[in-house]
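Undergrad: quick one, structure for this:
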Amino acid sequence: MNKILQRFRSAETLYPVIQPFDTRMLPVGGDHQLYIEQCGAPNGFPVLVLHGGPGGGCNPMMRRFFDPGFYRAVLFDQRGCGKSRPFSCVKENTTQHLIRDMELIRQTLGIGRWVLFGGSWGATLALLYAQQFPDRVTHLVLRAPFLMTRRELDWFYAGGAARFRPESWERFTDPIPRNEHDDLISAYHRRLFSGDVNEEIRFGTRWLEWESTLCRMNSPSRSGNGNGAYARTFARLETHYFLNRGFLDEDGQILAGMHRIADIPGSIIHGRYDLVCPPESAWSLAKQWKRVELEFVLAGHAISETEIQRKLAATMNGLRTVLG
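TA: Numbers count the residues shown, from 1 in each chain. Below you'll find the predicted structure:
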C-alpha cells in the first residue's frame, strides 16, 4: 500500500522552475513580434502552453507541469502582452491571427505534432487550433475551458457571478454611470481606449480586480497584481476580444465544430466552484467529445489552486506512458 501511495503522490509532483534552453522573438507580420521560450528536453515530446486572458502572458510557474527529461515545453506570449511587442497593441490582433501564430511557431521550431496545454482562454485557443489543424495535435489538456459564448460573457459581466460576490461587483460597476450598466464590456472598452493612460490604468485595475477576486475559492474582496501597466493591457485585450465575441463566426462555434476533433484524445480539469468559467461549459464540451476524460476538482478557476495543480501535474505525468 505504501508503494502504491508513493507512486500516486509522485505523479502529482510539480517540477522545479527550470530555465529555458532557448528564447527568441518571432516576427509574425505587421509590427508584431512574439516572445517564445522552450524548456525541458530539446528532443523531448513537444507541448504548446497557451496562457489565459486574452492578455495574461506566460509566467515561469507554467513550466512546472512538464517533466524536463521528457517534454519539450514551448511557451509564448500572445500578441500585445507579456514580452511580445508592441505591448498592449490590438491592431491585427484577433483569434485568427493567434491561431496562425501558433501554426507559424510549430513550423519555425520544426515540430510535427504536439500536445496543447491551455486554461480558460488558453483552452479556447487550443480547441479552435485543433479544430482547424486536427492532424497537428496528439492530445489536449484543458483547464477550465472557456467557449467564448454570449452565455458565458453574460454570466460574468451581466450580473450572474455578481450574486456570489456582491461587494466586488459593486466596486466593479461603481465607476460606470448607471445608464451604461446594460453593457459593461462596451463601457469599460471606451474608457480603456480613451487615450488618457492614467484613466486607462484606473479602469484596467478595476477590471482586473473583478476577475481576480473570483479566480480562487478564497480570494480576498480586492485582488490584483498591483501592476498598473499589466492591468491596463490585460483589460484592453479582454474587452477588445469580448466586444468582438472572440472574432468567431457564430455563437457556439466551438461546440458546433467538435466533430472535427472527435478522434483526438483530451483531458479536462475543471474547478467545481469555478465562478469565472462555470462547470457547465466543460460538461457541454465533454458530452460532444467521445475521447475526453473530464474531472471536477475541489477548486475555483485559477491554475494556482492546489487541486488543479495536482491534477494537471498527474495528467501530464500520466501522458508520458501514452506518448512514449
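Undergrad: is the closest residue in space to Arg85 that isn't next to it in sequence in a helix, a strand, or coil?
TA: Excluding its sequence neighbours, the residue lying closest to Arg85 (C-beta to C-beta, 6 or more residues apart in numbering) is Gln33, at 5.1 Å. The way it works is simple: take the backbone N, C-alpha and C, and place the C-beta from them, glycine included. Using DSSP: H, G, I helix; E, B strand; the rest coil, the structure places Gln33 in strand.
Undergrad: from Asp183, how far off is the spatially most central residue of the chain?
TA: With distances taken as C-alpha atoms, centre = their mean, Gly52 lies nearest the centre of the chain, 2.4 Å away. Going from Gly52 to Asp183 by C-beta to C-beta, to the nearest Å gives 23 Å.
Undergrad: okay, His270: pLDDT?
TA: Per-residue confidence (pLDDT) for His270: 98.
Undergrad: same question for Gly324.
TA: So, for Gly324, pLDDT stands at 83.
Undergrad: on that earlier part again, go ahead and confirm the residue nearest to the centre of the chain touches Ala126.
TA: No: applying C-beta atoms under 8 Å, one finds Gly52 not in contact with Ala126, separated by 11.2 Å.
Undergrad: which residues are common contacts for the two?
TA: Gly118 (C-beta atoms under 8 Å, 6 or more residues apart in numbering).
Undergrad: give me the three-state assignment for the residue nearest to the centre of the chain.
TA: Quick answer, by three-state DSSP: Gly52 is coil.
Undergrad: can you check the one 5 residues further on too?
TA: Here Gly57 takes the coil state, with states given by three-state DSSP.
Undergrad: not counting its neighbours along the chain, what's nearest it?
TA: Gly82 (3.1 Å).
Undergrad: mind listing what that neighbour touches?
TA: Residues in contact with Gly82 (C-beta under 8 Å, 6+ apart) are Tyr35, His51, Gly57, Cys58.
Undergrad: quick one: low-confidence parts of the protein?
TA: 1-11, 221-226 (pLDDT under 70).
Undergrad: try it again at 90.
TA: Low-confidence segments of the chain (pLDDT under 90): 1-13, 217-226, 324.
Undergrad: related to what we said a few turns ago, okay if I get the contacts of Gly82 as a markdown table plus neighbour count and distance to Pro278?
TA: As requested, the contacts of Gly82 are arranged in a markdown table below (neighbours: other C-beta atoms under 10 Å; distance: C-beta to C-beta, whole Å):
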| residue | neighbour count | distance to Pro278 |
| --- | --- | --- |
| Tyr35 | 19 | 32 |
| His51 | 24 | 21 |
| Gly57 | 22 | 25 |
| Cys58 | 23 | 25 |
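Undergrad: so Leu208 is in which element?
TA: Following DSSP states H and E, one finds Leu208 within helix 197-213.
Undergrad: from the chain's centroid, how far away is that helix?
TA: 19 Å (C-alpha atoms, centre = their mean, to the nearest Å).
Undergrad: can I get it in CSV, CA atoms only?
TA: Only the C-alpha atoms of helix 197-213 are listed here, as CSV (Å, rounded to 0.1, in the frame of the first residue of the first chain):
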residue,chain,number,x,y,z
VAL,A,197,-3.1,56.4,-20.0
ASN,A,198,-3.9,57.3,-16.3
GLU,A,199,-7.6,56.8,-16.9
GLU,A,200,-6.9,53.5,-18.7
ILE,A,201,-4.8,52.2,-15.9
ARG,A,202,-7.5,53.1,-13.3
PHE,A,203,-10.2,51.3,-15.3
GLY,A,204,-7.9,48.4,-16.1
THR,A,205,-7.2,48.0,-12.4
ARG,A,206,-10.9,47.7,-11.6
TRP,A,207,-11.4,45.3,-14.5
LEU,A,208,-8.6,43.0,-13.3
GLU,A,209,-9.7,43.2,-9.7
TRP,A,210,-13.2,41.9,-10.6
GLU,A,211,-11.8,38.9,-12.4
SER,A,212,-9.0,38.2,-9.8
THR,A,213,-11.4,38.2,-6.9
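Undergrad: so for the helix or strand that it is followed by, what gets flagged as buried?
TA: Counting by DSSP H and E, the next helix or strand C-terminal to helix 197-213 is helix 228-243. Neighbour-count burial for helix 228-243 flags 228, 230-242 (criterion: 16 or more other C-beta atoms under 10 Å).
Undergrad: quick one: the helices in the stretch 1-150 of the chain, in order.
TA: 2-11, 95-108, 121-132, 150-157 (DSSP state H, counting those that start in this stretch).
Undergrad: distance to Glu295 and mean neighbour count for these - can I get that in a markdown table?
TA: Compiled in a markdown table, these are given as follows (distance: least, C-beta to C-beta, whole Å; neighbours: other C-beta atoms under 10 Å):
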| stretch | distance to Glu295 | mean neighbour count |
| --- | --- | --- |
| helix 2-11 | 14 | 10 |
| helix 95-108 | 26 | 17 |
| helix 121-132 | 14 | 25 |
| helix 150-157 | 20 | 17 |
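Undergrad: and Phe193, which of the ones you listed is closest to it?
TA: helix 150-157 (17.1 Å; C-beta to C-beta).
Undergrad: next, the angle from that closest one to helix 197-213.
TA: Put simply, helix 150-157 runs at 100 degrees to helix 197-213, going by axes from the mean of the first three to the mean of the last three C-alpha atoms, to 10 degrees.
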